[in-house]
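Enquirer: A structural model of the following input is requested.
(one chain, ligands or ions: 3)
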Amino acid sequence: MSEANVKFSEQEALDFHGLGRPGKLEIVASKPMATQRDLSLAYSPGVAVPVRAIAANPGCAYDYTAKGNLVAVISNGTAILGLGNLGALASKPVMEGKAVLFKRFADVDSIDIEVDTEDAQKFIDAVALLGPSFGGINLEDIAAPACFQIEQELKERMNIPVFHDDQHGTAIISAAGLINACLITGRELGSVKVVVNGAGAAAIACTELMKAMGVRGDNVIMCDRKGVIHKGRDDLDQWKSAHAVETDRRSLTDALEGADVFLGLSAAGALKPEMVEKMAPQPIIFAMANPDPEILPEDAKAVRPDAILATGRSDYPNQVNNVLGFPFIFRGALDVRATSINDEMKIAAANALAELAREAVPEEVAAAYGGHTHSFGPEYIIPAPFDPRLMEVVASAVAEAAMRTGVAQKPIENMDKYRQQLRARLNPTAAVMTLAYEAARSNPKRVLFAEGEESNVLRAAIAFKEGGYGTPVLVGREDVHDQLRALGVDKPEEYEVLNSRNSPLVGRAVDFIYARQQRQGLLRRAVERMVNQDRNYFGAAMLALGEADAMITGTTRPFSQSLNQVRTIIDDAEGATPFGVNIIVGRHQAVLMADTAVHERPNAEQLAAIARSSAAFARMMGLEPRVAFISYTTFGNPPGMHVEDLRGAVKILDRSSVDFEYEGEMAPDVALSFEAQRKFYPFSRLTGPANVLVMPGLQSANLSAKLLRALGGESVIGPIMLGLKQSVQIAPMTASASDLVTLAVLAAGTAAA
Ligand SMILES: NC(=O)C1=CN([C@@H]2O[C@H](COP(=O)(O)OP(=O)(O)OC[C@H]3O[C@@H](n4cnc5c(N)ncnc54)[C@H](OP(=O)(O)O)[C@@H]3O)[C@@H](O)[C@H]2O)C=CC1
Ligand SMILES: CC(=O)C(=O)O
Ligand SMILES: [Mg+2]
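Expert: Ligands and ions are numbered 1, 2, ... in the order given. As a prediction, the model looks like this:
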């Protein structure tokens with residue numbers, strides 16, 4: 001693997017999995033368990049009621065338990081990615097990973113189960129007995145040929161969808177990619193010449209789907225470790241021999257002579273540049289082995305710049321990976337209570353994916369790629385996994401196909417409404433944060449870490465650099481490089497350190513601050529002391545002088561102190577008022593809350609300005625803003641004091657034609673419930689629950705954000721400072737290294753383009 005593509009160290013991967021609660025999953029209760037009454041309902045005696053109901057009518061299990069949204073990811077570890085047979089236990093990180101991807105991308109609850117046997121029959125019996133627990137079974141990383149028998153028998157024995165992801169998930173995604181690669185290169189599926197390397201679970205299923213979609217059997221040559229699978233071989237099992245062809249070619253090299261397409265579902269490095277050289281013009285190369293592909297795109301491009309390339313990885317264009325499929329396929333199947341996932345549903349998913357890639361890409365996805373890589377073409381043949389449209393497009397296509405083919409036990413009555421529900425089901429901020437990270441990566445900025453001697457700041461700077469999000473510039477003393485080395489950095493000298501005692505830039509910083517402050521009572525000597533001794537003054541001056549694009553500070557002193565220091569040097573943005581906004585990420589919704597940092601009692605003009613800037617920030621984060629001015633009263637009920645400024649802000653916005661929704665004053669429970677708005681305040685102009693809460697004062701805003709953070713039920717990001725001329729983010733003193741990375745990414749995102 002090329003060094004350039006390693007974005008993290010092995011230690012980081014272990015820390016990611018090991019720090020805090022080990023692993024990647026936890027289970028949370030979806031009902032309150034606070035009182036004696038809750039317990040009586042949740043457990044004995046209340047639980048007896050649904051038990052009897054289900055015994056009388058098994059279908060009720062979908063109404064009274066989590067079954068209908070629960071998928072088991074099950075493996076025996078015999079083909080873990082492309083790492084081989086490493087056993088059931090070693091497969092657990094991958095299975096936990098698939099389970100969290102189910103949740104993250106499609107709100108499907110999922111749990112991993114590792115079954116410790118290589119005996120197919122024992123495996124089948126173990127899984128078949130689990131049927132009552134789950135709405136679906138996702139088999140994963142089970143080697144061929146056992147996987148074929150296992151899936152077949154489980155499908156027959158279970159009345160819920162059983163889907164071997166490595167077979168069908170991969171087949172669906174690669175088919176979508178192939179359709180589009182053929183379109184771009186002007187090829188017809190009916191005449192395309194394909195070489196499939198690998199003859200296992202994924203390869204056989206991809207080949208079968210490809211043939212079902214029109215690729216001719218005699219145009220496909222499959223290879224295993226021994227070379228071409230031809231009719232003359234006597235060592236083939238029934239699955240391989242189904243794809244044996246009459247040919248005198250014997251090796252992968254022979255097979256690739258003049259081939260249009262290479263599908264790699266084998267092992268790292270199996271495809272050599274000299275083999276690629278012999279392929280037809282504009283060859284299509286899907287090197288899908290994980291984690292390391294059959295050939296690195298740069299190596300293939302070196303010999304064939306005209307090639308269309310895809311891998312299973314996220315760090316190259318065209319990620320052909322089953323993550324694009326399984327979450328959404330199960331979403332659609334579960335929503336119609338499908339009894340199986342049939343070929344029509346698979347083909348519908350493949351077509352939906354292929355069509356989606358050909359559509360114009362929404363702004364937020366394009367922005368995440370610096371606006372240049374995401375239009376249909378050789379570098380974009382398949383949607384990116386974090387494309388928010390996937391949920392709606394793929395799940396609804398699968399659900400429709402299930403209904404059409406009669407496997408849907410609970411058909412959807414109103415498809416438009418269903419699509420709307422799918423959109424709402426996505427946690428927008430989770431998606432948005434991914435976009436913010438990708439945007440930073442595609443448009444890397446210089447971010448100055450003013451507290452470059454603190455170990456959590458250094459850890460954040462390392463993660464920021466190694467993640468490819470930008471260039472950290474550290475303010476600190478001589479030993480910062482030693483500290484970096486102690487934290488495991490091999491080449492600390494690659495990190496730029498600005499020392500405020502001896503940097504050649506100190507003079508410029510002093511000149512700059514002195515020019516601003518000489519009429520505010522400061523002597524030059526005092527400014528020299530400020531610059532030498534205080535990293536916030538020095539750092540902010542470096543930012544103002546263009547030595548960095550954004551700055552992050554805050555972990556060593558109270559927020560207000562950092563803010564005051566920064567504002568001595570950085571001006572307010574033209575016509576703006578500086579303020580703080582927090583992103584509150586709930587389980588089912590995300591909201592912005594402002595001003596959590598600056599104005600103690602904002603007046604009407606300030607509230608209106610905060611609303612405007614917050615709405616613009618919401619759009620930057622991919623949210624369509626619906627602003628509510630928050631109070632303890634809702635439209636005058638109960639009557640009370642201190643609401644004039646909120647009402648004044650609404651009037652100011654009424655007078656100045658703004659392009660976002662706003663309303664108020666209203667209490668948070670009304671603001672966050674569209675149902676309550678419609679029922680009790682039908683005149684409210686919001687068209688959904690508010691997602692930007694403009695708070696009446698610093699007390700309520702700051703306390704709410706801190707309470708939410710401390711109670712831990714929600715994830716709270718920020719405050720993110722807006723309204724300064726240059727982007728400065730001030731972290732809370734309690735910020736962890738990972739909080740700092742998020743803020744640094746947002747600092748880069750809010751820096752001038
Ligand atoms: N991008 C994606 O979404 C996905 C990628 N994959 C990748 O596909 C690969 C195979 O996975 P899977 O089908 O589940 O595993 P299996 O164990 O079922 O199959 C592995 C197959 O690869 C063949 N193989 C191994 N090394 C070579 C080689 N050097 N040359 C030719 N063939 C070789 C084996 O040949 P033989 O039969 O002779 O032993 C076998 O047929 C893995 O790398 C996996 O990561 C899998 C699923 C999804
Ligand atoms: C992506 C996947 O499922 C695999 O490589 O096995
Ligand atoms: Mg797999």
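Enquirer: wouldn't residue 306 be in contact with residue 281 here?
Expert: Yes. Using CB atoms under 8 Å, residue 306 makes contact with residue 281 at a distance of 6.3 Å. All C-beta atoms are positioned from the backbone trio N, CA, C, and that covers glycine.
Enquirer: Residues of the protein that sit close to ligand 2?
Expert: 81, 141, 165, 166, 290, 312, 321, 322 (CB under 6 Å from any ligand atom).
Enquirer: For the last one, grab the count of nearby residues.
Expert: Think residue 322. 26 (other CB atoms under 10 Å).
Enquirer: Likewise for the first one?
Expert: By other CB under 10 Å, the residues close to residue 81 number 16.
Enquirer: same thing with residue 255?
Expert: By other CB under 10 Å, neighbour count at residue 255 equals 28.
Enquirer: for the helix or strand containing it, which positions count as buried?
Expert: Counting by DSSP states H and E, the element that carries residue 255 is helix 252-256. Within helix 252-256, the residues that count as buried by 16 or more other CB atoms under 10 Å are 252, 254, 255, 256.
Enquirer: Format these as TSV; extra columns: pLDDT and distance to residue 474.
Expert: Shown next, in TSV, are the buried residues of helix 252-256 (pLDDT from 0 to 100; distance: CB to CB, whole Å):
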residue	pLDDT	distance to residue 474
252	98	49
254	97	55
255	98	53
256	98	49
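Enquirer: out of the residues you listed, who's nearest ligand 3?
Expert: Nearest to ligand 3 among those: residue 252, at 22.6 Å, using CB to the ion.
Enquirer: If you drop the residues flanking it in sequence, what lies closest to the closest one?
Expert: Leaving aside its chain neighbours, residue 252 sits nearest to residue 223 (5.0 Å; criterion: CB to CB, 6 or more residues apart in numbering).
Enquirer: neighbours around that neighbour, how many?
Expert: Residue 223: 26 neighbours (other CB under 10 Å).
Enquirer: isn't there a strand covering residue 632?
Expert: No. With DSSP: H, G, I helix; E, B strand; the rest coil as the criterion, residue 632 is coil rather than part of a strand.
Enquirer: Find the nearest non-adjacent residue to it, please.
Expert: In space, residue 632 is closest to residue 667, 6.2 Å off (CB to CB, 6+ apart).
Enquirer: so residue 734, which of the three states?
Expert: Going by three-state DSSP: residue 734 is coil.
Enquirer: anything in the helix holding residue 255 near ligand 1?
Expert: No. For helix 252-256, no contact with ligand 1 is found by CB under 6 Å from any ligand atom; the gap never falls below 6.9 Å.
Enquirer: Output that helix in PDB with nothing but the alpha carbons.
Expert: Output of helix 252-256 as PDB, limited to C-alpha atoms (Å, rounded to 0.1, in the frame of the first residue of the first chain):
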ATOM      1  CA  LEU A 252      -4.800 -14.200 -15.700                       C
ATOM      2  CA  THR A 253      -2.300 -12.600 -18.000                       C
ATOM      3  CA  ASP A 254      -3.600 -14.500 -21.000                       C
ATOM      4  CA  ALA A 255      -7.200 -13.900 -20.000                       C
ATOM      5  CA  LEU A 256      -6.700 -10.100 -19.900                       C
END
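Enquirer: Other residues contacting that helix?
Expert: 195, 197, 221, 223, 227-228, 247, 249, 262, 270-272, 274-276, 278-279 (CB atoms under 8 Å, 6 or more residues apart in numbering).
Enquirer: In helices, which of the residues you listed fall?
Expert: 274, 275, 276 (DSSP state H).
Enquirer: among those residues, which are in reach of ligand 1?
Expert: Counting by CB under 6 Å from any ligand atom, no member of the ones in helices among the contacts of helix 252-256 is near ligand 1.
Enquirer: Any of the residues you listed buried? List them.
Expert: Among those, the ones that count as buried by 16+ other CB under 10 Å are 275, 276.
Enquirer: between the ones in helices among the contacts of helix 252-256, which is closest to ligand 1?
Expert: Ligand 1 has its nearest neighbour among the ones in helices among the contacts of helix 252-256 in residue 275, at 11.4 Å by CB to the nearest ligand atom.
Enquirer: Please tell me the pLDDT value assigned to that closest one.
Expert: pLDDT recorded at residue 275 is 98.
Enquirer: for it, what are its contacts?
Expert: Contacts of residue 275 (CB under 8 Å, 6+ apart): 252, 253, 256.
Enquirer: ok, now how distant is the one residue in the stretch 51-200 of the chain that gets nearest to ligand 2 from residue 265?
Expert: In the stretch 51-200 of the chain, the residue that lies nearest ligand 2 is residue 81 (4.1 Å; CB to the nearest ligand atom). As defined by CB to CB, to the nearest Å, residue 81 lies at a distance of 11 Å from residue 265.
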